[in-house]
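Visitor: Quick one, fold the following:
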Amino acid sequence: MAQQFSNAAPVHTAAPAPANPSQPPSNAAGVSLPPNPQMPATLADITHALDYRRRLEKSRGSAHPNAATVDEIGSARVYETELVLSYQTQSPAAPLWLQDLARKVDNLSTTVNNLTTTVNTLSTKVDAMQFNLAEVSALAENTRRVLRNQKAGRGNDYVPLKKWKFGTGIELARALLPTTVIQDPPITPAIGELPAIVCSRPTTLTNLNISELMVFYNDDFGIVGTDDVIDASVVRTADIQASHPDLKMTIDPTDFTRLRFVVVLQNNRGDPRRLRLFQWNDLGVEKWRTMNKDTSAKLAGGWDQALIFAVEQMSPIEVDKMLGRM
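Guide: Next up is the predicted model:
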């Protein structure tokens, strides 16, 4: 039987890719294997793997009857890549493509953070502008309410002022009444709201009422916990003029039918904060002068209301204007 030969290249089974990259893949083409690599691989190991793959590719392109197969070249390529990855995992420097990607991600993150900061800043400015507009609106309305109350005069109901400051004055109120339990409102009143306390007659307010209004308005109204009447006295008009030479009081000492009194309220430094002169003519002044003390004392009922009436609608600003301080 004649033996037939074929010119086709022989087919042989390709060596599988190694499960462990510490061993280079074998081949059936007779191409010598590179030295076993270190783990992690070194640059020399990677160079040997690259040289091994190129020698397999050279064998593939030759006319040798047992040339390297594409599977053997692929296994060598996989081996080479595994060594590169092994080297990079132990290298302190990331691959250049990964470093560039990281820089781009960082730049994008910085841009997003800057945009978020800008949006937050803009939102804060808008909120502040809204608060400012609310405050201006409340103050403008309160100016009209103060003028209305002044025109209404004593004995008429006052309209309350709108809240004009943000927040609550819980700490102000507790400083005024440290022994009293004062609750902070569950919801902070908004600027422009009106208090729940009906204070149409300020002279009827108790200390607790005033502290509750402090909480609502977030204002101490110039009141501090040490405020008190530390001294009250009745003195001659001449003594008042001597103590306060800036006061201009026109008094005719020759008019003996003229009754007069001056109400002066001072702070603890002696500065006048409320001031008013009352005078009128009474042809029966001699009767009052000769009246005995017991009878005169019975006529003193309501003196506190008379003093309140004297200065109720005044403010320290008016006194400063009166004394030329403004």
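
Visitor: After the helix or strand hosting S109, which helix or strand is next?
Guide: S109 belongs to helix 96-152 when assigned by DSSP states H and E. Later in the chain than helix 96-152, the nearest helix or strand by DSSP H and E is helix 170-176.

Visitor: For that next one, which helices and strands make contact with it?
Guide: Where contact means 3 or more Cβ pairs under 8 Å, 6 or more residues apart in numbering; DSSP states H and E, helix 170-176 is packed against helix 207-217. Where C-beta positions appear, they are placed from N, C-alpha and C, glycine not excepted.

Visitor: what does the helix it packs on contact?
Guide: 161, 163-165, 168-170, 172-173, 176-177, 180, 182, 184-185, 189, 195-197, 199, 205, 220-221, 223 (Cβ atoms under 8 Å, 6 or more residues apart in numbering).

Visitor: So what's the gap between it and the chain middle?
Guide: Relative to its parent chain, helix 207-217 has a centroid offset of 25 Å by Cα atoms, centre = their mean, to the nearest Å.

Visitor: pLDDT (mean, whole number) over that helix?
Guide: Mean per-residue pLDDT for helix 207-217: 83.

Visitor: Just the CA trace of that helix, in CSV.
Guide: Output of helix 207-217 as CSV, limited to C-alpha atoms (Å, rounded to 0.1, in the frame of the first residue of the first chain):
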residue,chain,number,x,y,z
ASN,A,207,-43.8,90.4,83.9
LEU,A,208,-44.7,87.0,82.4
ASN,A,209,-46.6,88.7,79.6
ILE,A,210,-43.6,90.9,78.9
SER,A,211,-41.2,87.9,78.9
GLU,A,212,-43.5,86.1,76.4
LEU,A,213,-43.4,89.1,74.1
MET,A,214,-39.6,89.1,74.4
VAL,A,215,-39.7,85.5,73.2
PHE,A,216,-42.0,86.4,70.3
TYR,A,217,-40.3,89.6,69.2
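
Visitor: Which residue ranges of the protein form strands?
Guide: For the chain, applying DSSP state E gives strands covering 258-266, 272-281.

Visitor: of all those, which lies closest to L139?
Guide: Nearest to L139, of all the strands of the chain, is strand 272-281, at 22.6 Å by Cβ to Cβ.

Visitor: In terms of pLDDT, where does G153 sit?
Guide: 62.

Visitor: Any stretches of the stretch 1-150 of the chain with poor pLDDT?
Guide: 1-21, 88-96, 98, 122-131 (pLDDT under 70).

Visitor: which among the contacts of helix 207-217 end up buried?
Guide: In the contacts of helix 207-217, burial by neighbour count holds for 161, 163-164, 168-170, 172-173, 176, 182, 189, 195, 199, 220, 223, counting by 16 or more other Cβ atoms under 10 Å.

Visitor: Where does the prediction get shaky in the stretch 201-326 of the chain?
Guide: Scanning the stretch 201-326 of the chain for pLDDT under 70 picks out 201-204, 224-232, 268-270, 297, 300-306, 308-315, 325-326.
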